Every structure is written in structure tokens, then in C-alpha cells.
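Visitor: Curious how this folds, go ahead:
(chains A, B, C and D, ligands or ions: 6)
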Amino acid sequence: MAATNGNGEVQTKKYTAKDFASDQDVRWCPGCGDYSILAQVQRILPELDVPKEKHVFISGIGCSSRFPYYMNAYGVHGIHGRAPAIASGVKTANPDLTVWVATGDGDALSIGGNHIIHSLRRNIGLKILMFNNRIYGLTKGQYSPTSELGKKTKSTPFGTIDYPFNPVQLALGAEGTFVARSLDRDPKHLQQVLLRATKHNGTAFVEIYQNCNVFNDGAFFVFTEKETKPDNILYLEQGKPLVFGKENDKGIRLNGFTPEVVSLKDGKWSVSDILVYDETSFDLAVLLATFSDRAGFPTPIGVFYQVERKSYEKMMTEQIESVTKKRGAGDLDKLLKSGNTWVVSAN
Amino acid sequence: MAATNGNGEVQTKKYTAKDFASDQDVRWCPGCGDYSILAQVQRILPELDVPKEKHVFISGIGCSSRFPYYMNAYGVHGIHGRAPAIASGVKTANPDLTVWVATGDGDALSIGGNHIIHSLRRNIGLKILMFNNRIYGLTKGQYSPTSELGKKTKSTPFGTIDYPFNPVQLALGAEGTFVARSLDRDPKHLQQVLLRATKHNGTAFVEIYQNCNVFNDGAFFVFTEKETKPDNILYLEQGKPLVFGKENDKGIRLNGFTPEVVSLKDGKWSVSDILVYDETSFDLAVLLATFSDRAGFPTPIGVFYQVERKSYEKMMTEQIESVTKKRGAGDLDKLLKSGNTWVVSAN
Amino acid sequence: MSKTIETLDDVVIRFAGDSGDGMQLTGTQFTNTTALVGNDLSTLPDYPAEIRAPAGTLFGVSSFQLHFSSMDILTPGDYPDVLVAMNPAALKVHLKDLKKGGLILVNTDSFDDKNLNLAGYKTSPLTDGSLSNFQVIEVPVTKLTLNALQGMGLSQKVMVRCKNFFALGLMYWLYSRPTEPTEEWVHEKFGKEPELAEANIKALKAGYYYGETTEAFTSQFEVKPAQLKPGLYRNITGNEATALGVVAAAQKAGIPLYYASYPITPASDILHNLSAYKNFGVKTYQAEDEIAAAGAAVGASYAGNLAVTGTSGPGAALKSETISLGIMLELPLVIVDVQRGGPSTGLPTKTEQSDLMFVTYGRHGEAPAPVIAAATPADCFAMAYEAARIAVKYMTPVYLLTDGYLANGSEPWLVPDAKDLPAIPVSFRTDPENFHPYSRNENNVRPWALPGTPGLEHRIGGLEKANITGNVSYDPDNHDAMVHLRAEKVAGIAKDIPLQDVYGEQSGELLVVSWGGTFGAVRSSVDRLRKKGYKISHAHLRYLNPFPRNLGDVLKNFKKIFVPEINLGQLSKLLKTEYLTPVIQFNKVRGLPLRSTELEQAIINALGGAK
Amino acid sequence: MSKTIETLDDVVIRFAGDSGDGMQLTGTQFTNTTALVGNDLSTLPDYPAEIRAPAGTLFGVSSFQLHFSSMDILTPGDYPDVLVAMNPAALKVHLKDLKKGGLILVNTDSFDDKNLNLAGYKTSPLTDGSLSNFQVIEVPVTKLTLNALQGMGLSQKVMVRCKNFFALGLMYWLYSRPTEPTEEWVHEKFGKEPELAEANIKALKAGYYYGETTEAFTSQFEVKPAQLKPGLYRNITGNEATALGVVAAAQKAGIPLYYASYPITPASDILHNLSAYKNFGVKTYQAEDEIAAAGAAVGASYAGNLAVTGTSGPGAALKSETISLGIMLELPLVIVDVQRGGPSTGLPTKTEQSDLMFVTYGRHGEAPAPVIAAATPADCFAMAYEAARIAVKYMTPVYLLTDGYLANGSEPWLVPDAKDLPAIPVSFRTDPENFHPYSRNENNVRPWALPGTPGLEHRIGGLEKANITGNVSYDPDNHDAMVHLRAEKVAGIAKDIPLQDVYGEQSGELLVVSWGGTFGAVRSSVDRLRKKGYKISHAHLRYLNPFPRNLGDVLKNFKKIFVPEINLGQLSKLLKTEYLTPVIQFNKVRGLPLRSTELEQAIINALGGAK
Ligand SMILES: Cc1ncc(C[n+]2csc(CCOP(=O)(O)OP(=O)(O)O)c2C)c(N)n1
Ligand SMILES: Cc1ncc(C[n+]2csc(CCOP(=O)(O)OP(=O)(O)O)c2C)c(N)n1
Ligand code: SF4
Ligand code: SF4
Ligand SMILES: [Mg+2]
Ligand SMILES: [Mg+2]
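Guide: Ligands and ions are numbered 1, 2, ... in the order given. Now for the predicted structure:
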């Protein structure tokens, strides 16, 4: 594939993942799930039609937020929680850039919660990768807004009393137009989801379950380890029935309005009874979002929801164009001399 | 009804609405919808078993946030967007108080969005009344996060390019345990909803459509004026079918997973086909929340969702009690002298 | 009936009425017409924090003061000569400011029991003799307006609303101004509602004719055009001027203007103004809060726009952490702080100068940023332009301080030609050869390297950076060096700003040192005292950090330094720190411009008493 | 083999290794044992901003320095006598600080090509002669540990992890400390994993015996107990002390402690500590951000709790707007700012003193708040307690400044008896008779009137309030009066704080004036210079706003004022403003405590050179 640069010139060089690795030593703990996420992002970028100088990675503060340093692209390691705000400025100032946000569950959902929901609502073209390790890594192990109720952490020696957010559900509630989930330990799936995100116009929100092997080791092993994964993960695929289990022997069926897990083995139900996923249905997306909180249900990964809605920056550009067309390009001298003017003449 | 005060003593005096009016002149614009909300709150308070000194009204900044000044109770007129944070401090410091938050669509959802979603998630016992006039009133007419796309306001002479929040949907996405909507111009309904909110343990979020007759006059007239209201408003009532229309001639039917508006007049459908509302169903609540954004659907008012979940302050108290029980009430001297100590003796 | 025309040098009129009475509009119209007849002028709108408080209440009174003159003037005036009081509350609130013997025009129709009561009058001031020190002109404005509009088929409510135009017409007559400019404006404004336009014009003319006809006035006044410097003038408020200043800077710099803001009184009008300039490529971003506005501005700056974020005190507080990032990133950024009464929500619609220490020192860590301040409404243009110039040239966030008085007040502005504005050269780095994000030019300034530029891919952030490479560095000596370097860069701007000038003698007994929006009040007081023979001089600072490099010398030439401020002595603190000089403070924190009488008396006292 | 025991007064050891090598634990254990044997001590942990950087890298090195002595000491020491280097990177990073002739203990097993390479060594420093100025003890720590644990059935990984206990044991032998306290600790810590406990203890003992047996060491050292004031001691870090201080204050005040915070380095440990004190009725609230934490604290204070909110620079910036509300509401509140390297994210794990101007002036409007600062780790207890006392007595937000060095550093603390702590009287208003929320007592302090109290229903808020009634007031003169009143209330606290004491002569040539965490470094430098005969004195400030009321007089008694700070001269600025006195500044902003050699030289220079 020949990539074109921003000037429309064809770039003959085809990138490899390595081209996107910066010269900085990667400083995450050995074994951290962040490595895989970095690797998958570096792996998919060559498949896009975007020269590397057009990629900008904006982050907040947290282990995850060190991400931009490791990408051979442009980047800003911002301040805690504010990456979406900074990124919104970058993207609206220059819509031609591909703007990524690398953030953590604390960065995005605790201090940065407001900016996240407002980016989603505005539908600014950001690719938000939220590394959810259900803990504050960088500050050494306090609970986060996605930590399970009752979790004992540095700041909650007797267990948390905060009910956690469900990030997918929150993003949907905030008018997200692309909402997805993937896993650090499922590289292929993660790559697919990331690629889908890059194709979306508007805000793409991707929750990535990420293992923090130092402060919250194994938080997602049930979803990532061979033994348990098949019975606990539900792949969402457009137009495909929601089947899961080691032998694809279970499925999701709608009983009226209520979803239930049914066995496909005992002859009572077959694949044709199983709910076929439609990522364009908001109602379905919300229903599936709740699965991760429902006992006995598998946790869905993949694209929950995708809808086309004109992006904020596109409307911004169009508005400027249309006003300029109507009024003519601004003339500074005229502007200064407009309004209620009068002339004082020399006398 | 004889109210008891906080000490369990029976208070012989029965309050009237007037008892809750402070001595301050009410300073909203004549005709503002805020007057009705104030009146309804003052009207329902006498029906509660709570002495007036136990009510605390916390607000942010905005026209709506002047609310506390007009209540003969305790109150803090805080800073913009931070009322839920301040109120969370009050309620957790003294769970015995009935803590209200009076806020606007800008105060709550723009600058205060993060605090709102976190209160909802934590389920702190606050009664949040969000006056939604779809505009910034106090700062004289800029658009808010609930203003319609394309709206021309002081700050958007060519129309907004922000897609608005749906406050009910957002509150549900943020783990709200009580989410409702009512109208300034439907005093009875508003009273009922407010009363329900006071009965809820945990965060009660009530969106109140409010007319700002100066900067956004008539924003909700279609929902409040006699002519149009019946066809555009859907009353949610637990266990009742979702019927609406001037002659109760329309209803909501679920076609599989998809809701549709059907006529009850043409003989094809009868009330028995109509969806019966269940406010304990999250899925249903989310579905209904989207109605206000769906063309051809009536806008639901009433309690969308109510679920019991232990409140944050209750868990906080219990945790303190249980640790105290286990370890005994703290002894300061022992605490100071704990840890790694040694004695230096006089020599 | 012909009346005599008396010529005056100078008039201060205050229009006062209910928030719903349209006093701001009336004042603005009078101002615009006055500008057109060539007077110098200065205005002071004052309105309540409530949007529209219940009619007739004291806290619902809104006023607009206008000072116009055939001479150079600098302030809206302390004490009005004329008070137009549309209701008893307006009279009650403003009477105490009126000059002895001043003229009061009252709308008698509003002096009923209910309104008197709401205003707290036990007896009517019109009849109880309490106004005997003034010239009272009683006019049944409402009734006369209704009469004038009879038969147009308008509702009572609509007709009553026109009464301010009647009052305006009457004042036009009294001060010999033409009604045509307002008629034109009405046509434009109400173009789509011709009956409304007609009604307002009818009321305006009825008021004018009433002046001509009635016996209430024995003479008419005239204020001759002022001897302003020749050229094209425009009446402009501080917020309008600030908006134009940044648009002009962006245009001259050849980069798009990006204005990220969250509405807040008294800064919102900058956003409103800029949002209309879309055909100048201006991007306005109404953020979810001030933190997001600052963040978006930093992002836009990084992407190569001229980024500006405007707010007032509480919002500026929220932006601090992000500005600190901007300082670490060394990106250009203009932060406009339109100061208002604090602390906390304070007096949101009133003016104050109490954010000077805050913008100078209100960031964690050693986070230096230049601070400049506008002196008059029109000067907001020049200083906004200057803020942008400094920001871009030195790759740094710059604070521009204005205030509620400057923001809403207006004065005639001699409009410059766009071509004469100083150049703002911008050169983005494009050459990958030897590129280092934190390499520096002779001014210690790093390159502006935009995302999208091939070969310059690099990462910056809020962690301490190694000098030159910009990589993260925890090296102790590098940190020490960088902390010093950032401070020196900002201090070095001193060589790029004008020397401090002194009005009056360059040395002497007493120098009045002021800054910001008090310029007019201070300069006119100094002028008056100088005319009376007091040997005093005046230095008005527009550059607060760094100070002009000759300021220390300037101060040394005077025995006493007198520093009047609408705060508890913030510039005083900075001068004391920097120059170890004692100062005499004058601090009135009333949410209002300084009053020249008080100020003059204080200066006289500082000089050791009247001579 | 018996060895000679040499007695030393004073030793500085630095343990250094990979973040994963357990150096913080090793240092802490050595510290605790050292405390138990009765030495005076002072510690300085230093760890990277990365959680666990890849093994072997320079930026992944973590260290812990401990200074212990048979005499009074005040600092963790500038230059170690002994460096324990667990890998080449540790050696590389820390060698430059080691005293000439100092002892280096290296783990030779880690000096393989890979690690040498990662550390940037071209040749091995063990063989290339570059360590010839030092005494190098080469110990194959890893191998010896593995040997010791052979046969226990543990994995290689687990066994390797025990190597820090081997090093610890060896150091225990070398400095004649008992291993028992650590053994006890291990039993407690690993109670549930007995093999782990056993392994660690085995490694510890193996190290100890290795010292005894090997020929590498010819002598053992001993540091006799210090002549500390008699009493019960506890080794305590600044953050622990701060936590205990506010718990004690709440207990003595008889009201619940409410700690609202958002985690941030280096303040998080205060939250961690307090969250364990639930049986003291302590409520800890981990908010969604610092703004919410400040808001919750204001709410909790309003509801009658002792509200405290702790953070570091960036978080303090976010809290400003809310603190300004607290100032308007006049509610008690303690804000702890554990300062770290700035601006922006800066050097988050390093120390600095650069928030002094910020907490003093970093709020919009005239928003005065008292500022006090702790001098040593243990002093954090006293000053946290004092902050609470002032807050409650004066109904005001109070800033307590500590810093990264104080927060993580430790020293022996002579633990007070709870009953001897000063009283903190709290009286909530309950009487409705004549109640006015903004009435004032003799100290200008308004009543604390809690929601829930019958008859006191009232409303407060961020808009300017009328004096006494507390109603919203837009009255200009009221605002002026309130602005002055708030300032005077805070200024008046000066009469309620100790006079400034001076160490050394009360007048003379030069006074060193310091504040905050530099106390130890400055005092010991002053001491050393005094011993050398320099006539200098030292005033260490713990009260920064208001200053002690005699400070002006104190300064006047000296010809020169010398102000060392880990910032660009913030206290200098405050002193210059307040007392118009010139000062000699000494500013090193390296993210580390001041180095006494540099400091002493600078003082000598200020005195005009060595005598
Ligand atoms: C204003 C501010 N508050 C707090 C912090 C401290 N802080 C840095 S990262 C972080 C949380 C990190 O958690 P998360 O976002 O989940 O990232 P992770 O480290 O887990 O990847 C906190 C509290 C900060 N840097 N700035
Ligand atoms: C930090 C801060 N930013 C901005 C403002 C200005 N401000 C006050 S109220 C308001 C919005 C009010 O809108 P809303 O919450 O919808 O209340 P309404 O007036 O419509 O009832 C704004 C922007 C402020 N007071 N403080
Ligand atoms: S602390 Fe956790 S999230 Fe952070 S780098 Fe280490 S393993 Fe990864
Ligand atoms: S501006 Fe609107 S919301 Fe505010 S008081 Fe007036 S009518 Fe009500
Ligand atoms: Mg995390
Ligand atoms: Mg609103």
C-alpha cells in the first residue's frame, strides 16, 4: 500500500511497526500490559493511509499516559485528566491530523471524566484509548473509578465503598458514536478494534482491559487466560449471532426484553434462536454493556456501537466556510473600521 | 402528621409551605419557571418527617443556583459546578441531614459534569434537582450542553455545532439509582416526583424542564401547554401501560426490541398490547430515555428508574462501626505511641 | 417656543431605571450619538448580578453613566450632573452620587405607592422636600409615551416598553443632539417588526418635541465637539477592543485565531464578539469549563494557531494548572483575565484590580509568565495585540489583565489602519536538520514545530525537560538550569518593551504609580492637581511582569511614590519587592472605579496637606 | 574470627539498586533497627517517577539514604560514607556523591555485560581502575543468597528476591546492629507465608555471618547511642506525622476528622495513613479530583467536621477556586501542600519549596489565608496540629506547607503524651437568640453554626456578604469593609503565634533566614560555621503568613540577611515586600535538599570570604 502524505503526494515508503517506535527507552514495569497495547498500535499504523507526522498522541498522567513518548510521531504528555481537552484543541485547530488520546481509568474517568463525556457528546474526531487496569498505577495502587466494590487498596485498607463505573455504559450514556472494548492480551482482537476506531469519523472510545502486574495483577485473567476466557468472553461481531463458550456451545437469547444465556448443547436452543448482533443499535449496545455487571453473563468485547454523526470539527469547518462564502473573507481594515464610526477632521 | 426532629422527639408543629420560605426577596425574572420549582419544593417539605433545620440546600452558580437563598433551611450557594462535591462532603460528614442540590443544565452538566456522574456512581444520598432550561441564564444566554444542535445563541450566532446531552440517559449511564424527569409547569407531577426523590436512599437525580422566559422562552411549551402536551408527554407510572394522547388514544408497544408508537383508536392495538412500565428495569429506562431524541415519540416524564443500592454514606458509617468494633474505639495516646518505638532513658 | 442654548464643556449623565427599563440600551444610544457629534466621551454601565430582578426593587436597578465633553476626558465622571430616574428605586440608589444642584429627571408615573414602598420610601421624595437641593424635572414619561403611541394598535405592555425612547428623545433635545442616528439604528434593529420600529421612533420624537414644547426647561445645552486628533473614530468597549486586538494579531501573524473560553461575566462578550468573526477564520470553542478551555487553547497552540483563552477570576483560578503546563511546554498562549470583584464569586458584575498577584504568582512551582494590562477601553486593543506579539515571539503564555470597568466601559478610539499595525512574524520550524525541540535562539526561545511537519516528530510534556533535546530529565542540575532559564526568558522580555514614561516632571516630590483600568481616574486627578499647582507626576504601568527596565530609575527620581489601586496594594507589593522602595498606598475596594475627589485628597495628604 | 570494633560518631549509608531490588525496604529496616539502638538519625528515600522501570537501567535506580549518629543530627547527610550498590546502574548514578575514600559494597553478580551496558559502562568499573579512590568490597550477593537458600524448595526467582536481606544482614554486622528487630518484622509481615519468612531471615543471617566470616572486612564499626532527650521515641516520616497531627487535633477538638483527597505523589501517604484510622472515626474520602476533594472538605467543614485536604502542587492549583470560597464562607479548613518539583508535572518525586508564593497569593481576588510550614519530618505533627488549631479558632482555611523531602524522610520523634497537647476548643453556635452568621468575636471570627441546629437556619455563599447578617450585599462600602476585614482577621493571627526565635546571637553580621524543609541542612551548616568561628545566627520560620510579629525587629538586628531556598527566592520576595530589607539569596532548585558544602561556602562568601 502506498501512503499519501498530507499534501496528496504519494509516499512510496511503506511503514513497518518499527517506524513508529521512538528512540526512548520504554519505562513500564516488565510484564505490564501496556507493552502489548503499544505494540498493537505500532502494528496497525502501517496499515493506514496516514504519514507518521500526521499522528499526534495526547495523554494525561499515569503509567498509560507515558504512551506518547514511545511513539515515533508527535505527542504531548499533558496533565492529569486533561488529555481530551488538549486533544480537542489540536484536532479542531488542525482537523487534518490523526489525534489519539492515551489515557487510564483514573485519568479518563476520575479526574478527566468531564472532558471524556464532553468529547463524546461533541463527537470530536479523537481516538481515545482507555487503558483500564482498575487501579491507579503511577501513584502506586489506590483504587480507581473502575475498581470493584470492596477492593482493598492502599487508600482503602478496609475495602472501597464506591460503586464502579461501567466505562462502556457511561460512554454510551454520553452520546458516544463509537464505543468498543478489547484486551491487552488478545493482540489480534485489539488490532482489529483499533483499526475500526481509526476508520470512525468522530470520537472513538476504546476501553482496553490492561493488566497491571504490580498493583492489580490478574484483574482480567478470567478474560484472557486460555482456561477461562472462552466461557467468559463474548465476541461482538456485526451481523453474527452472540455465541460463546469453549465449544461455541452457549449463546445469548432475548426473552422478550430480557437477555438470557442459553446452552446450545441440550437441544432446546439452536444458533437460530440466538441474538444477532447489530452494532448500529443503541438499545442493544446498552443492553450488552450491562453484561459485564451481570452475574452469569460473559463480558462482551468488540465494537458495541457505531453510528455516523457529523464530527464537531467538520461542522466547525463548514460553518466557517459557509459564513466566509456569504460574507466574503474577512478584511481586517474593514473590520476595525466597522461599527459606529465617525471622522474627526483636522481643523 | 407529627414530625419528629432528629433527636426522635415529636414535633407537634406541622409545617406549611410558608415555613420554608426565607426572608429574602426572590430575585428571578418575573415569569421564570424557577418560581414554580421553588413553590413545589416548599409545598412538599411539610409532608416529610424532617424538621426544617435538617434540610440543607447546596447549589452552584446560575439563576437556578440562587435557590438556597429562598429556602428557610440551611444552605450554601457554592461555586460553579461544584455543588455535588460540597454536598457530598456535607452528607458524608453528617448523614443525618437531608441534603439537596439545586443546579442548572450548565452548572450540572457543563462545568459540573464530573461531580454529577461521580455522585451518581457513588450513590451518595443527595437530592439533585437539575433545572434544565437549555441555556445559560445567569450569564445571559449562551448555549448549554442541553441546547439543541444548531441553536443560535449569544456565543453561537451561526448556530451551535455541539450535539447535546440527554441528561436522563447520561445519569443512567453513570449508574444512577433514581433518575426522573418533571416539568416546572406541571406542579402536581413535579410534587410527586420530588416526594419520590425524598424517599430514595442514595442519589436521586431529577431533571426539571424549566422555562427561561428571557433567554429561551418556550423551549418546553410543546410539553407544557394544553394544546400540545397530551400528544407529546408520556407519563411513566409503575405498573401502568404507557398510554398517552389527548384521548389516551396512543401507546408504546415493543416490536421485538424496537419500541413503536401505536394508535389505540383504529382497532389494531388495544391497551393490553401496550408496554407496561417497570421502573426497576434498567434496560427499559434506557430505552425510554432515548424517546426524547426520537422523532415521533412522546417525551416521558416521571421516574425512569429506581433501584435500591446501599448508599455511600451508609457504607462509610458501617465501615467505621465495624472497624471500631473490631479494634475498639481509637485511643489517641496509644496511636501516637504505636509503631516502631523505643525509650531513651535519662542517664 | 425658542429657548436659549447654553454651552457646556462637560456633562455627566446617568440613566437609571429598572433592569427591564432598557437603560443600557438608552445609554448606548446616547453614547453613539454623542460620539457622532464629536465629543470625547467615557462610559460606565452598571447592572445587577440578577438577570432581571423583580420590578421596582433596589437591587434590580440598572444604570448607565456617560461623560461627554468638548475636551479630552479620561473617566466616566464621579458624580453625575444629570440623573434620569425611571422609578423610585433608581432615584434612591443613585441620588447620593448626584452633584449638588444637579438635574433630576423623574418619571412621575412610576412614583406610586407600590414602587415607593419597594424602594423603601416612606413618603414620596417628590413631595417631602428631600430633593430640595436639586433641580427636579417631573415628567409623566409613561403616560406621555402611551399618548404618543395611541391608536397604533399596540398592546399596553409593548407601548410601555417604549418609554425609554421617550426619555432618550427628551435628553437628545436637552443636549442638542440629533435623533437620526438612533432612528437609523431602530430601523435596522427592528427591521422585521416595522410597528415596533415605528413605535420606538414615535416615542423618541415625542420625547424630543416634549422638550421643545414644555415649559419645564428654560434652556437647552450644547457641548461642542472635542479637539480630538483627526482621523476615523469608533466608540468601543474594552471587550470589543480585546476581541479586535486578537483578531488583528492573528491576521497580521498570518495564522488562525483560536479562542477557547467558558462564559463568565464580565468576559463573555469577548467570546460573543469573536464568534461573529467566522469569516476571519476565527475558531471559537465554548468549552465545558475553564480547564477544558485552557487545555483546548494549549492544544490549538501546539497545532499552530494563535490561541487565546479569556475569563475572569474564578475561571482564571481553574486554568492555573494548565497554564503551568503551557509554561513547561513553552507554547504561545494569551490568557485574558477580565478582573471582577472577589474573592470567590464576590461581586461578579463589578470591577476590581485584585488578580495582579494571582496572575503573577498563582501557579505551583516556579512558573513565570509575562503580565501586561490595558489602561483604557480602547487600549485593550493595543494590549491584546501586544500580548499576542509577546506570546508568539517568546513562545510563552502571557496574561492580559483588563477589568469589568474597561470591559463594559467605552470611549472613542482612533482606529488604526490595519497596515500600520506592527508586524508579528511567525516562523514555524520545518527543517529537520539539527532539530531539537528545546534548542533556543538568542532570546532563549525554542522553535514552534507543528505536528504534521515531516521529520520533526517529537514529544513534549509536563515533566521537566532536558535542555535542548526536550527529553524527560530527572537530572538535578538540568532542573536547576531549566528553572533559571525559564525565569530568564521571561525577565528578558524587558528589553523588548517600551521604557516607562512619566507624565509631568521626570523627578520631584511625588510620583503617582498606577496600572490597569484606573488610568483615567488617576490621570485626570493628577491633571487637576497639577493645574492647581501641585508638583506631581504620573507613571502608568502597562507592563507588570517584567517591569520596564527603567522603572527602578524612574522611581528613584521621586521622594514619594503614591500607588492607588482597587485592591489591597498588589502593585505596591510588587514595587516594594522589586525596588525596595517604600510606597504610599491608596486602596479602595468598592467594586467601582476610584473616585477622583477621594484620590486627590489622598494625594494632597501624601504631599503633606493642601497648599 | 574476631575483628576490631571501631567507634564512629556519624555514618551516612546509601542503599542503591534497581526499583525491584527492595532498597526502600532495606533502608527502612536499617533505619528502624538503628532507631532502636538509640542513634539519632535522618533519612532520605529517593525513587524514580517510574513505577518499576526495566531492570538495570539508570532511570530505574532507587535509593535510600540514612544518616545515623551518636550525636544530634539534622540532615540525612550530603555525601554518603558507604554506598551499597546492587547493580552497575546504581553505582553509576550514585558514585559521584560518595565521599572520597568511602566504602563501596557491590553485588558482583550483577556486573555482567548486559547490566554494564544498560548502565552505560564501556568497561567494568570493578576492573578498570575507576574506583581506585574508594574502598571496594566485592560480594557475590546473589550467588551467596542462592547458596544460603538452597534446598528450601523455592523458585529461583523467589530466592533472588531475598538478596536485599543478605545485604542488609551484612550491613547489620558491619555496623554492629542486631538482626532481631528485622526478624520479628519479617515474621509479622510474612506470617501467612512461612517459607518466605524463613527465606528472608536465612538470607539476613547469611549476610550477617558472611561479614563475621569473610576476610573482606578487617574491622567492624559501632555508633554509640545518641544523647537524646529522655522519653519514648518513634521513627516517623513527615507524611505519617502530618496524618497523626490532624488526627490528634480532631481528637482534642472533639470533632470527627474528615480527610478529602485525591492521590498525588508525594502526598498520597497521608491518605493511606488516615484511611487506616477508621476506629478514630476518621472519614477518608477519595474524591474524583482535587476540586471535588476541596469541595467535599468545605462541605464537611460546614457540617462541623475538622476538614483537611492534602495534595501537592498541581492539585493545589486545582483547589484554588474552592479555597477562595472557603475564605468567603469563613469556614475552617486545612490544606496540606506537600511541595514537589514544578512547574507542571515537573519532578513529581523530588522535593522543592516553590509553592510559597502560590499558596500566599494564588487565588483570585483579595483572598487571604494563613500559611505555615513544617521544619522537619517530626515537626509535621506539630504544624499539622497547629494548622488545625488556627483554622478552627479563626474560622479560616489554613495552608500547611511540607515537601517531598519531609514527607518521605524520617527522624526520631519524641512522642508527646496525648494529654499534654494544647487544647483546641470548639464551640458550635446553638443559641438562636441574636444569631447572625457573620457577627464576629474579638478576633473578628464568625460563629460556626451547623446545619441541623434548630433555629439557626441561614444561607451562606460565595457572593460578597453583608457584614454581620451575611446576606448577599452588592453595597460598595460593605465590600470595601469586608475585604479589609478578611485581611485583618488573618493578619491578626500574628498575636496568637510564637515570636520568632533566633539561634545564636540575637544581633550581628549575618542572619540566615530559612523556612520549611531546609531546616536541617541550614541549621547544621550554621552550626558548623559557628563552630569554625563565624558569627552568624539562624532564624527558621514556621509561620509565613502572617509573619511572627517581631520578625521585622529580628531582621533589623543584623547587617546581612541570607536566605537559602529551594526555589528562585520566594521567601526573599516576601521579606523584601514586608520589611523592605535587602537580602542575599541562595537558590538551588535541584529537586534535592540543599547541600551543606555549597550552602556554607555561599554564607562564607556573603560574609566577605573565609576568615
Ligand atoms: C492534578 C493531579 N492530581 C493527581 C496526580 C497524581 N496522579 C498521577 S497519575 C494518577 C492516576 C493514574 O491512574 P490511571 O489513570 O488509571 O493510570 P495508570 O497509572 O493506572 O495507567 C494520579 C492520581 C497528578 N499527576 N495530577
Ligand atoms: C468558574 C466559573 N465559571 C463561569 C462562571 C459563570 N457562570 C455563572 S452561572 C453560568 C451558567 C449558568 O447556566 P445554568 O447552570 O444552566 O443555570 P441557569 O442560569 O440557566 O439557571 C456560568 C457560565 C462562574 N460563575 N464560575
Ligand atoms: S505500575 Fe502497573 S500499570 Fe504501571 S507500569 Fe507497572 S505494571 Fe504497568
Ligand atoms: S434569566 Fe431565565 S432562568 Fe434566569 S431568572 Fe431570568 S427567566 Fe429565570
Ligand atoms: Mg489505571
Ligand atoms: Mg440553564
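Visitor: With C:G455 as the reference, measure out to the residue of chain C most remote from its centre.
Guide: Most distant residue from the mean C-alpha position of chain C: C:E433, 46.8 Å away (CA atoms, centre = their mean). Distance from C:E433 to C:G455, counting by CB to CB, to the nearest Å: 9 Å. (C-beta placed from N, C-alpha, C; glycine too.)
Visitor: Wondering if stretch A:209-224 reaches ligand 5 at all.
Guide: No. Judged by CB under 5 Å from the ion, stretch A:209-224 and ligand 5 are separated, with a smallest distance of 6.6 Å.
Visitor: what mean pLDDT does the longest helix seen in chain A have?
Guide: In chain A, taking DSSP state H as the definition, the longest helix is helix A:312-327. Averaging pLDDT along helix A:312-327 gives 97.
Visitor: Need the pLDDT of the residue nearest to A:Q210 when sequence neighbours are not counted.
Guide: Ranked by CB to CB, 6 or more residues apart in numbering or on different chains and with sequence neighbours excluded, the top spatial neighbour of A:Q210 is A:G33, at 3.9 Å. Here, the pLDDT recorded for A:G33 equals 97.
Visitor: and if you look at C:E212?
Guide: Per-residue confidence at C:E212 stands at 86 (pLDDT).
Visitor: Quick check: closest non-adjacent residue to it.
Guide: Per CB to CB, 6+ apart, closest to C:E212 is C:W173, 5.9 Å.
Visitor: Would you mind pulling up the elements that the helix or strand following the longest helix of chain A packs against?
Guide: Per DSSP states H and E, the first helix or strand lying C-terminal to helix A:312-327 is helix A:332-336. Contact here means 3 or more CB pairs under 8 Å, 6 or more residues apart in numbering or on different chains; DSSP states H and E; on that basis helix A:332-336 packs against helix C:238-253.
Visitor: at contact distance from chain B, anything in the helix it packs on?
Guide: No. Applying CB under 8 Å from any CB of the partner chain, one finds helix C:238-253 separated from chain B by no less than 12.4 Å.
Visitor: Can you report the mean pLDDT over the residues of that helix?
Guide: Here helix C:238-253 scores 98 as its mean pLDDT.
Visitor: again with stretch C:388-403
Guide: 98.
Visitor: from the chain's centre, how far out does that stretch sit?
Guide: 18 Å (CA atoms, centre = their mean, to the nearest Å).
Visitor: Check stretch C:360-376 too.
Guide: That offset, for stretch C:360-376, works out to 19 Å (CA atoms, centre = their mean).
Visitor: And the residue of the stretch 101-250 of chain A found nearest chain D, what's its pLDDT?
Guide: Closest to chain D within the stretch 101-250 of chain A is A:I111: 3.9 Å, counting by CB to the nearest CB. A:I111 carries a pLDDT score of 98 in this model.
Visitor: Return the residues in contact with the closest residue to it other than its chain neighbours.
Guide: Leaving aside its sequence neighbours, A:I111 sits nearest to A:G81 (CB to CB, 6+ apart; 3.3 Å). Going by CB atoms under 8 Å, 6 or more residues apart in numbering or on different chains, A:G81 touches A:60-61, A:107-108, A:110-113, A:115, D:289.
Visitor: Out of the residues you listed, who's the most crowded?
Guide: A:A108 (35 neighbours; other CB atoms under 10 Å in any protein chain shown).
Visitor: interface residues of chain A facing ligand 1?
Guide: A:61-64, A:80, A:104-107, A:131, A:133, A:135-139, A:144 (CB under 6 Å from any ligand atom).
Visitor: Where do the helices of the stretch 1-150 of chain A begin and end?
Guide: Using DSSP state H, counting those that start in this stretch, the helices of the stretch 1-150 of chain A run over residues A:34-44, A:83-93, A:105-106, A:113-122.
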